[in-house]
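J.: Prediction below, plus the sequence it came from.
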Amino acid sequence: MTQPLLSVRGLTKDFQVGTVFSRRRVRAVNDVSFDLPAGRITALVGESGSGKSTIARCLARLEQPSTGQVLLDGEDVLRTERRRASRAYRRKVQMVFQDPFGSLNPVHRIEHFLTRALVLHGHSATPEALRELITTVGLTEDMLQSYPHELSGGQRQRVSIARALAVEPRLILADEPTSMLDVSVRVGVLNLMRRLRDERNIAMLYITHDLGSARYLADTTMVMFAGELVEGGDALAVMDAPAHPYTRLLLSAVPDPERTGSYDPVERARLREAILNPTFCPYGDDGTCSRTDPVRHIVGEARWGSPRPEAGGGQPHWVRCHLRAPASDIARRVLKATDRPDGEATDATEKAETTAA
Ligand SMILES: Nc1ncnc2c1ncn2[C@@H]1O[C@H](COP(=O)(O)OP(=O)(O)OP(=O)(O)O)[C@@H](O)[C@H]1O
């Protein structure tokens, strides 16, 4: 089996919050492990506060993980570059942020951002290099002379992607890259990401809470809940046959006239109960499952998304044992934030609040 471009092993990130007198620890990410293969788009989906951005920021080395390993080409970068990322690391791993408005300084022309990125990483910013960059992302050469405010949101996000491409990265961490864009231009940015994967063999971590776009774009999907991964595998398998109650809860909130039970309040209450107070795991009959071991059950064979069956084997579809209840109190908050249909206070949420009180 070929070595993944980047592997994450047991990544945990704690934040200290509160004042000097009431310091407490928030565990944003708990014991997360996954691989990012070259030339594949891996979607990381989950609700707000589940820890998706923290993972991306740890991989971009904007945050220091509390524990765990990040292996790039098999090398443990947290050990070799303890304090901050080397330029060599940043050349390989680039991040594209959610806000194309905030990430480009309004006083500079587009040419400035691309020139700076090229020069910082040892490339010469020739007119040909600039032209190639801007046209690769579907913009025209004359836009090099534009200021950010003269471009649309979608065009600005393409500039952000061009800036990331300037260093010829092997991995792009895209944190909600389309969530601030109009629906009409989103698909253009998603198609650009897809093209970069296919033409340049770039690996991508695509962070989103939009399950539809994950289904459209990703080869592999991982579902994150309360700082932990609960399910993963071939993108279509995860979306079409979700195995964890949290994935089902997420999907039940996506309007779908063809699926019965879409946004059914009774079903949603049942799913919340199964997440917070699990009593049964349908995949746990092999005896390997316990409440303390974060065991993953395999529920489907390895394959890549069916639009690209020629790409060969991918990850098997796996689900975390249902009997492992979420470890942190973030779980309560995340579930509380999900809509409560008809104002119905679900038993599951109330019980969890009482337990934690
Ligand atoms: N710098 C920080 N200090 C304290 N707590 C933080 C910090 N950054 C994140 N957190 C907490 O960590 C948890 C995960 O946050 P994170 O931003 O990673 O989630 P997310 O899934 O990306 O959410 P969103 O989609 O809203 O960005 C949240 O409870 C958040 O409040």
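T.: Received, thanks.
J.: Wasn't Met95 part of a helix?
T.: No. Read with DSSP: H, G, I helix; E, B strand; the rest coil, Met95 is strand and lies in no helix.
J.: how near is it to Leu6?
T.: 13 Å (CB to CB, to the nearest Å). Every residue, glycine included, has its C-beta placed from N, CA and C.
J.: likewise Phe225?
T.: Between Phe225 and Leu6 the computed distance is 22 Å (CB to CB).
J.: where does the chain dip in pLDDT?
T.: 1-2, 257-262, 285-294, 303-314, 327-357 (pLDDT under 70).
J.: just the strands in it please.
T.: Using DSSP state E, the strands of the chain run over residues 6-17, 24-36, 41-45, 67-72, 75-76, 93-96, 171-175, 203-208, 220-225, 228-234, 296-300, 317-320.
J.: Give the pairing partners of the fifth one; include direction for each.
T.: I take that to be strand 75-76. Sheet pairing of strand 75-76 (DSSP bridges) gives strand 67-72 (antiparallel).
J.: Next, the angle from the strand it pairs with to strand 6-17.
T.: Interaxial angle, strand 67-72 versus strand 6-17 (axes from the mean of the first three to the mean of the last three CA atoms, to 10 degrees): 140 degrees.
J.: Next, the buried residues of strand 67-72.
T.: 68, 70-72 (16 or more other CB atoms under 10 Å).
J.: quick one on the thing from earlier: and Met95 and Leu6? Which one has more around it.
T.: The residue with more neighbours, out of Met95 and Leu6, is Leu6; 25 against 22, by other CB atoms under 10 Å.
J.: Tell me who's in contact with the residue lying closest to Leu6 once chain neighbours are set aside.
T.: Once flanking residues are discounted, Leu6 sits nearest to Leu36: 4.4 Å by CB to CB, 6 or more residues apart in numbering. By CB atoms under 8 Å, 6 or more residues apart in numbering, Leu36 lies in contact with 4-8, 42, 171, 203, 205.
J.: what number of residues lie near Ser170?
T.: One correction, residue 170 is Arg, not Ser. A count of nearby residues for Arg170, using other CB under 10 Å, gives 20.
J.: need the contact list for the closest residue to it other than its chain neighbours.
T.: Spatial nearest neighbour of Arg170, excluding adjacent residues (CB to CB, 6+ apart): Lys92 at 4.8 Å. Applying CB under 8 Å, 6+ apart to Lys92 gives the contacts 72, 169-171.
J.: Among those, find me the one that's closest to the ligand.
T.: Leu171 (18.2 Å; CB to the nearest ligand atom).
J.: returning to that earlier point: farthest-apart pair in the contacts of Lys92, please.
T.: Largest separation among the contacts of Lys92 by CB to CB: Leu72 and Pro169, giving 11.5 Å.
J.: got any residues that touch both of the two?
T.: By CB under 8 Å, 6+ apart, Leu72 and Pro169 have these common neighbours: 92-93.
J.: For the contacts of Leu36, pick the one with the most neighbours.
T.: Neighbour max across these (other CB under 10 Å) = Leu205, 27 neighbours.
J.: Bridge partners for it, pull those for me.
T.: Going by DSSP bridges, Leu205 forms beta bridges with Thr42, Leu173.
J.: Surely it touches Leu173?
T.: Yes. Assessed by CB atoms under 8 Å, Leu205 is found in contact with Leu173 at 4.9 Å.
J.: how about the helices in this protein?
T.: Assigned by DSSP state H, the helices in the chain fall at 52-59, 77-80, 87-92, 110-120, 127-136, 153-165, 183-200, 211-217, 235-240, 245-252, 265-276, 330-337, 347-356.
J.: Now render the ones you listed as TSV, adding distance to Thr19.
T.: Formatted as TSV, the helices of the chain follow (distance: least, CB to CB, whole Å):
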stretch	distance to Thr19
helix 52-59	22
helix 77-80	30
helix 87-92	34
helix 110-120	39
helix 127-136	46
helix 153-165	36
helix 183-200	41
helix 211-217	38
helix 235-240	41
helix 245-252	33
helix 265-276	30
helix 330-337	20
helix 347-356	21
